[in-house]
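Visitor: Here's a sequence, model it:
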Amino acid sequence: MPSSRAPAPLLPVAISHSPLLSGPLPDDLFANLAKPLPTITIGPFAPSSVQPEAGLFSAYQPFAWSSSSSLASSPSSAAPPSTTVSPKEVISLLNLLESMENDIVTEVQRVRLGIQEARTLVRECRQDCEERTRALQKRRERERRETKGAEDDFWLGTGLVYMMPFNLMTALLDFTQETCTASDFANLINTADALTLQVCQRTRALRRRQDWTITPHFAASRQKMWLLETSTGKLHYFPDPSRVNYAILSHVWIPGKEQTFQDLQALHTLSAKERWTHRLDRVARRPRPTALAGASEKIRECCAFARARDYSWLWVDTCCIDKTSSAELSEAINSMYQWYAQAGVCYAFLHDVDGAHDPRALGSQFRQSRWFRRGWTLQELIAPRELVFVSKQWRPFGTKRSLADVVEDVTGVERAVLEHRRPLSSVSVARRMAWAAQRKTTRVEDEAYALMGIFGVNIPTIYGEGRGAFYRLQEEILRHIPDQSIFAWGPLVFDRYQWPGERFDQAPSAALTAEDAPNAYLFAPSPSAFEHSAGITPLAFDAFQREIGVPAGVPDYTVTSYGIHTRLPLVPLWPPRGAEVMAPHLTVHVAVLACVDAEDGLVALFLRAPADRNHEQYEVGCRYREPDAFVRGATLRCLRNALRMMPASPASHFNWLDPGGALAQEGPMMASVYILYRPFELQVESFAMRRNRPLRLIEETDAAPPPRRFFCPCEVVIPAWTLSQLHEAGYAVVISQDHDGATVQVSKDGPLVSVVLSRGAEQVHISLGPCPSPHGLIMPKPLVALVAVGKPPVLAEDTADTAGNVSSRNGYLVSHRPPEQCRRTHVQDWTDGRADFALGEKRLVLQCESWTDYLDSGNHRGLYALTVQVEEAVGGQG
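Guide: Residues are numbered from 1 along each chain as shown. Below you'll find the model as predicted:
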């Protein structure tokens, strides 16, 4: 018996994605849903009877149905091949419709929960909007009073901009599951589009009427580049600066004379009175001054210079970066090289160059300009294709093409690189680092950040990490550039230095000095370490394998806690092969690098493995006593005697044969090594330590502890417990005038300061002061202590010439022992800081302790503690 089902409205909600949340609905959805369901006939019937409509559920195919309810994947969804429908197929179809109904019920419940959340959000937004509107109305009333009744509907207009989006949210309150029809939902979408259009129109109208840009607080952040309009001085942002023709400025910052992003924005923020004055100027048709008049002289001149050459947009690093935003600052630093490369022209403003001087002359102002010594200007020189040098009078006097020979002579950057005829990728890492070796930056971290564009890498900017930024830069370079010249820095020995080759046959020192420590790692501490490495270039690995005669393969670098793990060709240097060395304190290997020096050939590093380290863990470099120097590596030409190598045919630099032709040693072997690549603890040195380094005394061996130093001027503190013990023993303590409490201030040039212990008629004088005898031209005066009974002691000046007691050792000033008469009074020469003085039947014990090191203090003033005790005499010194 044929049965039919009347068409029924369906909820236009997808099973897996609700149209309310996922965007606009398909245009033909409601038309397909309005079609009647087919008439299904069970049993045989004539072909002329009612035919089922194919594609009944095709409207559901754009939605992401689940596997249990998808008609698109069901055999029943296809058009029936015959006109007969069996009861079994009807039952399957009814089961499928029932499953769809369950999914729809679940989706309706999810939509109801979403509507409840939307109601809560609308309520909170409405309250916030009402508070904002009331605040804006109060502000308008206050400004009316200040401007004497001037009409200004800007703030209420701004409130309307904030209110419009909430009208859309209010419409959601009436959108419930009972009224969720296709027509209602379509009307809601149309209302939202209309409201959005009104918001955009109203915002554009307000922007035309006002002098500043409205940036709603809910606006999404996106990448941008701020550009300065050369005619008005206003800042505009562009999401894609490659589509804008702009000029860019390269200059040296002058402290106190640069304007920031906030300073320039403040010039365009007008008060109510200023806006009213501008309206009167428009009515009176008076010319209105631009905010550019309040900008700094450099910005005004640069805008005029670029505007005269038909550039409407300009970028200046001082005012076009919001440095209060760490995200924007990091984005700008990582994009700096690209921004300079995309600029139509770069103007290099040299504030210390007069255009009247010849830039090509030796010693000219152009050659000595600070612009060539700053770290950031290196990429600003290389990146732009067109660069114009501008004098301090804002007059062009040349370009980097016309002055390429002078620029190459000053900076070391090849002319082909300056003119973009040679890509940067073809220049070795060591040479690019050497370009920045003599350049300085204000922040230590900028030494690394200013080189990111030169090497085509990006790293996060973390100000405050110090030298760690440059170590991170080298890690990133090693990941992207296959060039081992990055390891060839620091003190290397080349054959042209005439280093005695037999020195490498000697045993190196077991320990390194504090000055050697920064150079004992695989990575350099700063670009200045590459100062003498400009001539080192990488060697292709095929050619490298032919040179060493061992299949090396492509190196792989892995950063671990033990160091950088890689495989390198090693040759033992110490102890030498065949030599009998009992219990060597360390082993040294020569690691051959795949890079060559322009004159000396292959370069190698010294890998030092102390006996207390893992056998595969190495440090770089060795210290040799004769001559006394630290060496990180050498060329194989310098090592030919130590390794018994001789020059071979012109096709190769070296072979592993002795002069007689017999095989002297097996040659290099590929080995797995872990090399320490950076210090695990960055050494921090205070300003006082750096300043006082030449004054440090070296009287014993390097391993000996530093001697106690008691110099003047100083502050000597007598602890309170010492005074209490003296009071209990019946002594009154009196310090010379102008000294408070128990603190004695000793000046650099005297006089002696006395501490008097009195008990009845007995008086003991302890005098502290500087030694009058000379102890070198720049050495501070030692602190002396004298003891006398009854009257203050007198220190006779020693007029003996002690100039021969001072000498120089390793660049440090060394003071030898003064005469015995002078030495007995020095506090620093007391045994363990203690001295005994006989007082008849008693003895006076003085103990002096150094609380701060004189040479480590920032004010050149020592702080010491003096304890005084009176004991029964058993013999002493006085």
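
Visitor: could you say what helices and strands the helix or strand where residue 264 lies packs with?
Guide: Per DSSP states H and E: residue 264 is located in helix 261-266. Secondary-structure packing of helix 261-266 (3 or more Cβ pairs under 8 Å, 6 or more residues apart in numbering; DSSP states H and E): strand 235-238. C-betas here are computed from N, CA, C, even on glycine.

Visitor: Tell me the strands beside the strand it packs on, with direction?
Guide: Strands that pair with strand 235-238, judged by DSSP bridges, come out as strand 225-229 (antiparallel).

Visitor: Now the helix holding residue 264: buried residues?
Guide: 261, 264, 265 (16 or more other Cβ atoms under 10 Å).

Visitor: Any regions of the stretch 301-450 of the chain where pLDDT drops low?
Guide: Nowhere does the stretch 301-450 of the chain drop to pLDDT under 70.

Visitor: which residues of the stretch 501-650 of the chain fall in helices?
Guide: Under the criterion DSSP state H, counting those that start in this stretch, helices of the stretch 501-650 of the chain are mapped to 541-548.

Visitor: how about low-confidence regions in it?
Guide: Using pLDDT under 70, the stretch 501-650 of the chain drops low at 501, 576-585, 611-615, 641-650.

Visitor: how about the strands in it?
Guide: 536-538, 558-560, 563-574, 586-597, 601-610, 617-620, 622-624, 629-631, 633-635, 646-647 (DSSP state E, counting those that start in this stretch).

Visitor: and what of the stretch 351-500 of the chain?
Guide: Ranges of strands in the stretch 351-500 of the chain, per DSSP E, counting those that start in this stretch, are 387-390, 396-399, 492-493.

Visitor: In TSV, list those strands along with mean neighbour count and distance to residue 98.
Guide: Converted to TSV, the strands of the stretch 351-500 of the chain look like this (neighbours: other Cβ atoms under 10 Å; distance: least, Cβ to Cβ, whole Å):
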stretch	mean neighbour count	distance to residue 98
strand 387-390	23	76
strand 396-399	18	80
strand 492-493	24	83
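
Visitor: Now do the contacts for the residue lying closest to residue 607 once chain neighbours are set aside.
Guide: Leaving aside its chain neighbours, residue 607 sits nearest to residue 618 (3.9 Å; criterion: Cβ to Cβ, 6 or more residues apart in numbering). Counting by Cβ atoms under 8 Å, 6 or more residues apart in numbering, residue 618 touches 563, 589, 607, 608, 609, 673, 674, 675, 676.

Visitor: Weed out the non-buried ones from those.
Guide: Of the contacts of residue 618, these count as buried by 16+ other Cβ under 10 Å: 563, 589, 607, 608, 609, 673, 674, 675, 676.

Visitor: so the last one sits right up against residue 616, yeah?
Guide: It stands for residue 676. No - the pair residue 676 / residue 616 is not scored as a contact, 11.8 Å apart, by Cβ atoms under 8 Å.

Visitor: which ones are touching residue 535?
Guide: Residue 535 makes contacts with 431, 597, 598, 599, as judged by Cβ under 8 Å, 6+ apart.

Visitor: what's the answer for residue 736, then?
Guide: 744, 753, 754, 755.

Visitor: burial count for the second one?
Guide: Read that as residue 753. Using other Cβ atoms under 10 Å, the number of residues around residue 753 comes to 19.

Visitor: Alpha carbons only: can I get stretch 708-715 in CSV?
Guide: Extracted C-alpha coordinates of stretch 708-715, given in CSV (Å, rounded to 0.1, in the frame of the first residue of the first chain):
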residue,chain,number,x,y,z
ARG,A,708,95.5,39.8,51.9
ARG,A,709,95.5,43.4,50.9
PHE,A,710,95.2,46.3,53.4
PHE,A,711,95.5,49.6,51.6
CYS,A,712,94.6,53.2,52.2
PRO,A,713,92.2,55.0,52.1
CYS,A,714,90.1,52.6,54.2
GLU,A,715,87.5,52.3,56.9
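
Visitor: when you give positions from now on, start the count at 29
Guide: Yes, from this point I'll number from 29; that puts the last item at stretch 736-743.

Visitor: Now do the longest helix seen in the chain: which elements does it pack against?
Guide: What stands out as the longest helix in the chain, according to DSSP state H, is helix 115-174. Here helix 115-174 touches helix 47-50, helix 182-201, helix 300-312, going by 3+ Cβ pairs under 8 Å, 6+ apart.
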